[in-house]
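Undergrad: predicted coordinates and the sequence they were generated for:
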Amino acid sequence: MRTTGFLLLTTLAACATGLPPGADPEWRQIQAGRLERLHAPRHPKDAVAALLAQDPAPATTRRERHIDQREPVGMRRFREPLSGWVARTSLGYGNVAFRAKGSQLDDRARAAFFGVGVDSPRGTAVQLNVWSSDSDLFAGRRINDGVDAAPADASLRGIDVFPHLRFDELRRGAFSMPIRVGMFGDWSRLAHQDTSVEREWLSLGPRLVLEPAFRLVGDDSAWLEVYGRFDAEAGPAWFTEEFRGGDDHDSTSRWSVGAGAGLRGHVGRMHAELGYDLHQTMFGATNTELLGDRGGVDMQKQQLFFGLGLTF
């Protein structure tokens with residue numbers, strides 16, 4: 001029993017020293033090197049540099065990512081937020097003109113304009129414009145209110161909505177030309193102030209807008225550009241009139257053209273523009289009880305406006 005215990009203690013002592021009995025000098029040198037590295041001071045940066053030096057592929061070599069690291073072509077990154085919505089608003093001041101061919105209703109008056117719009121990052125957009133003139137259109141003239149002669153003083157106002165698609169692919173260096181294509185809806189109302197006579201035009205149809213722009217200075221984060229705007233539209237229109245003792249209505253055609261120009265700036269998420277816009281609308285002939293058989297109606301709007309926008 002004592003012999004067995006003695007052998008066990010001897011074996012444990014040999015394991016503790018790390019050197020087998022009768023180890024040669026080479027083995028002792030290897031163990032000494034291990035102990036020296038074990039107790040040597042730690043230098044993480046040197047260790048990382050040593051590992052990188054052993055990398056078989058140079059750091060400048062582009063490595064192919066693992067298949068589980070690749071993203072499907074055309075897909076949005078999982079953590080990338082949906083951004084790029086642009087909200088705009090504008091205020092304008094100018095005048096409107098109205099002319100009913102073959103009548104005394106031919107005049108011009110001051111007017112105010114207000115517009116809002118939203119563009120989505122996917123190319124869909126909508127614009128809404130509201131305008132109203134002073135009430136001294138046709139001042140000093142007289143009209144038939146259905147029974148008697150009455151003052152013709154009137155105001156002209158309207159609402160225009162334009163849901164559409166926006167295409168921004170046409171870009172060549174500093175030049176770009178966004179294209180907007182959609183359907184418009186327009187309502188105009190001529191209300192004579194001192195009588196019960198009111199006339200309205202409601203029209204619908206396709207609209208095309210071209211907005212060529214040239215960047216003067218800046219980059220993609222901030223720039224200043226000069227731009228133009230050209231639009232055309234056509235479609236049917238429905239005319240109604242109300243007067244003392246009755247009302248009447250008729251259908252006709254409508255076509256319109258517009259042009260404008262301005263200066264537009266962008267800094268960060270903010271947009272600002274100063275511009276001029278002219279819009280000419282022509283309605284076809286109508287034949288109603290009060291207005292009679294007319295060759296058509298022309299409306300013109302022009303404004304100098306200031307606009308602000310925000311990207312979010």
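TA: Received it, and whenever you're ready, just let me know what you need.
Undergrad: the closest residue to Gly102 other than its chain neighbours: neighbour count?
TA: Nearest residue to Gly102 in three dimensions, chain neighbours excluded: Arg294, at 5.3 Å (CB to CB, 6 or more residues apart in numbering). Placement of C-beta: from N, CA and C, glycine included. The local packing of Arg294 (other CB atoms under 10 Å) involves 20 other residues.
Undergrad: list the residues that contact Arg294.
TA: 100-103, 285-287 (CB atoms under 8 Å, 6 or more residues apart in numbering).
Undergrad: now with 10 Å, please.
TA: Contact partners of Arg294, counting by CB atoms under 10 Å, 6 or more residues apart in numbering, are 100-103, 105, 239, 250, 252, 283-288.
Undergrad: do Ala112 as well
TA: Ala112 touches 91-94, 130-134, 157, 303, counting by CB under 10 Å, 6+ apart.
Undergrad: still on that earlier bit, list the beta-bridge partners for the residue nearest to Gly102.
TA: Thr286 (DSSP bridges).
Undergrad: and the residue nearest the centre of the chain?
TA: Residue closest to the mean C-alpha point of the chain, counted by CA atoms, centre = their mean, is Asp119 at 2.9 Å.
Undergrad: for that one, give me the backbone phi and psi.
TA: As for Asp119, its main-chain torsions (degrees, to the nearest 10) stand at phi -120, psi 130.
Undergrad: where does it land on pLDDT?
TA: The model reports Asp119 with a pLDDT of 96.
Undergrad: now do the contacts for it.
TA: 84-88, 125-127, 164, 166, 168, 178, 180, 309, 311.
Undergrad: pull out the buried residues from the residues you listed.
TA: 86, 88, 125, 127, 164, 166, 178, 180, 309 (16 or more other CB atoms under 10 Å).
Undergrad: now flag whichever of those residues is closest to Val217.
TA: Gly309 (18.9 Å; CB to CB).
Undergrad: what's opposite the closest one in the beta bridge?
TA: Bridge pairing for Gly309 - DSSP bridges - gives Arg88, His271.
Undergrad: ok, Tyr93 next?
TA: Bridge pairing for Tyr93 - DSSP bridges - gives Ala112, Leu304.
Undergrad: burial count for it?
TA: 12.
Undergrad: how close does the closest residue to Ala213 other than its chain neighbours get to Phe175?
TA: Distance criterion CB to CB, 6+ apart; nearest residue to Ala213, sequence neighbours excluded, is Tyr227 at 3.8 Å. To Phe175, Tyr227 is 11 Å away according to CB to CB, to the nearest Å.
Undergrad: coming back round to it: Serialize the contacts of Arg294 to CSV and add fields for distance to Gly140.
TA: Formatted as CSV, the contacts of Arg294 follow (distance: CB to CB, whole Å):
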residue, distance to Gly140
Ala100, 17
Lys101, 20
Gly102, 20
Ser103, 15
Leu105, 13
Phe239, 26
Asp250, 28
Thr252, 29
Phe283, 25
Gly284, 29
Ala285, 27
Thr286, 25
Asn287, 28
Thr288, 25
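Undergrad: just the residues you listed: which are in strands?
TA: Those of these mapping onto strands are 100, 239, 250, 252, 283, 286-288, per DSSP state E.
Undergrad: can you select the buried ones from these in ChimeraX?
TA: Those of these that count as buried under 16+ other CB under 10 Å are selected in ChimeraX with:
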select :100,239,250,252,283,286,288
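Undergrad: and of the ones in strands among the contacts of Arg294, the nearest to Leu51?
TA: Closest to Leu51, out of all of the ones in strands among the contacts of Arg294 and judged by CB to CB, is Phe283, at 80.6 Å.
Undergrad: perfect, I'm done here.
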